[in-house]
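Asks: Pasting the sequence and the predicted model now:
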Amino acid sequence: MLNKLKQFYNEIKNINNSVNNYTNDTVIQALPTVAYVNKAKKLIDEKDYNGAIEVLEAAVDISDKDPLVYKYLGKISELNRNFKDAVYYYEKSANLAPNDKEIWLRLGMSYLYSDILDKAQIAFENANKLLPMNTDVQTGWGMVFMKQKKYALAKDKFNLAAQISKYNFSAILLSAVMEKRLEEYDIAEEKLRFLVKVAPNEGSLYEYAHLKLIQNRYDEAEQYAHNAVMLNKLMLPAYFILGEIYSVQRDYERTNENYKTAENLGLKNSALYFEWGKSLLRLLDFLNAEEKFKKALEYEPENKDAKIALALIYAYKGDFKLIDELKEKNQSNVYIQEAQGLQMFENSEFESAVEMFKKAISTDKHQTYNYYHLAMTYQKLNNPAKVREYFDKFTQNNPNYAQGFADYGEWLINVSDFEEANRKLQKAQKLAPISTKVVNLLFLAKYTLVNKNICEYNIKDAISVANRALELGKFDYMPQKQELERMLKDFQGN
């Protein structure tokens, strides 16, 4: 009998504790559903979300006026990243208990992740009335402004969140990101340096690497991007930074190895192949760049950036149909600018083409093929000083691109600068030893120089180039070669 009384007392005590806990958790009481809510909370803690949903749906059958039931249904939806359902349940809970101090924060975050930004802003304003000076509310509110591209307002909210809690490292990181967007690099540098020391994670390391990349401090950018990948090998944006660094440094092998590593880790998506294509385009590997852009569109047919990049590839081939579809709404895009310059060149609008190519360089100095376009356009404008200037810039930026040296050498021959043509064409031959065009041009330059400075060495040198052209199967200057051979016999006869 004593044991039965003790058991009955414990059951009453447990029920009282549950009621007290429920009273602390909600303003509006719905006593018949309290046991269901408490059971659901335990199941949520155990990550048995399906079981918790069954319990809460049973509670709705008892009473559809308990805000806490909807609040926890919303919480489960949020945990499952089903933000549409989370919004539905949190809205019902907020309508029933508008003074719940947590509900507006959760509703605001669910609106945010659902891209319902106008309602998200209202939700965070309501949350701020109930929870003034709350670091999470300010952070969420800042994220709304960030998505709206109101970077200055977002920065203010993140800074306030960090002031409220110096341990809100997410707010510090996001404020630094906003400062980067606002080009306040010194302030961003200070915060990111602090984060990578006291709270290093893949996010802070990536953002610091990105800042270093913006500042053209490639060694440091590479270091921090590598550190991000070491912490999380699936940190895809860090591979993008590394790919950009290697391609800017004209390191073809490391560029491809970097992206292949990401690909082999299963990080295959439209963004990966678009960034890979961008790097290859920077390296003037147009064929493989085209392949990557097409691959990006296979993963995401509406990837506007990949379409624009592919339109530029087509423009190189004289096909401007795709660029005509895209140029009106994307005038600030460097690929659009370059493609328009090519279209103007094709239409003999050379002055306009010059301005467009210069605009493209101003937009992105690493898109150096525009220097080549300028050199070719200034040839049409008969401006040799500018031709020389932009060929020099192009070859300095692309020291392994044979075609650049070949075209430069051919132009130098046309303007009778045979000594410089000889130097440029020798470089082109080293880069493209089986190019018959290069070898023939090189012979022409050397032949002309022989006539300016007749000596046995120069004659033999020119003849050796002619023999190389014959080995390759195409030689255009046989009479000149025969003339040199006669000259050589005369020298040797003396």
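Replies: Nice, thanks for sending it over.
Asks: Quick check, pLDDT for Y22.
Replies: According to the prediction, Y22 has pLDDT 33.
Asks: which SSE is A462 in?
Replies: In this assignment (DSSP states H and E), A462 forms part of helix 456-472.
Asks: Mind giving me the packing neighbours of that helix?
Replies: Other elements packing on helix 456-472 under the criterion 3 or more CB pairs under 8 Å, 6 or more residues apart in numbering; DSSP states H and E are helix 436-452, helix 478-493. The way it works is simple: take the backbone N, C-alpha and C, and place the C-beta from them, glycine included.
Asks: buried stuff in it?
Replies: N458, I459, D461, A462, I463, V465, A466, R468, A469 (16 or more other CB atoms under 10 Å).
Asks: Now that we have the residues you listed, can you turn them into CSV and tack on distance to N95 and pLDDT?
Replies: Formatted as CSV, the buried residues of helix 456-472 follow (distance: CB to CB, whole Å; pLDDT from 0 to 100):
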residue, distance to N95, pLDDT
N458, 93, 90
I459, 96, 91
D461, 90, 93
A462, 91, 94
I463, 94, 94
V465, 86, 95
A466, 90, 95
R468, 85, 95
A469, 85, 93
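Asks: CA atoms of the helix holding A462 as PDB?
Replies: Output of helix 456-472 as PDB, limited to C-alpha atoms (Å, rounded to 0.1, in the frame of the first residue of the first chain):
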ATOM      1  CA  GLU A 456      78.800  33.300 -92.500                       C
ATOM      2  CA  TYR A 457      77.100  32.800 -89.100                       C
ATOM      3  CA  ASN A 458      74.000  34.700 -90.100                       C
ATOM      4  CA  ILE A 459      73.700  32.900 -93.400                       C
ATOM      5  CA  LYS A 460      74.100  29.500 -91.700                       C
ATOM      6  CA  ASP A 461      71.500  30.400 -89.100                       C
ATOM      7  CA  ALA A 462      69.000  31.400 -91.700                       C
ATOM      8  CA  ILE A 463      69.600  28.300 -93.700                       C
ATOM      9  CA  SER A 464      69.100  26.100 -90.700                       C
ATOM     10  CA  VAL A 465      65.700  27.700 -90.100                       C
ATOM     11  CA  ALA A 466      64.800  27.000 -93.700                       C
ATOM     12  CA  ASN A 467      65.800  23.400 -93.300                       C
ATOM     13  CA  ARG A 468      63.600  23.200 -90.300                       C
ATOM     14  CA  ALA A 469      60.600  24.500 -92.300                       C
ATOM     15  CA  LEU A 470      61.300  21.800 -95.000                       C
ATOM     16  CA  GLU A 471      61.300  19.100 -92.300                       C
ATOM     17  CA  LEU A 472      57.900  20.300 -91.200                       C
END
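Asks: low-confidence ranges in the stretch 351-494 of the chain?
Replies: Scanning the stretch 351-494 of the chain for pLDDT under 70 picks out 493-494.
Asks: Show residues contacting the host helix or strand of L160.
Replies: Element membership for L160, per DSSP H and E: helix 151-164. Contact partners of helix 151-164, identified using CB atoms under 8 Å, 6 or more residues apart in numbering, comprise 133-136, 138-139, 141-146, 168, 171-172, 174-175, 178-179, 181-182.
Asks: Right, I'll call it a day here.
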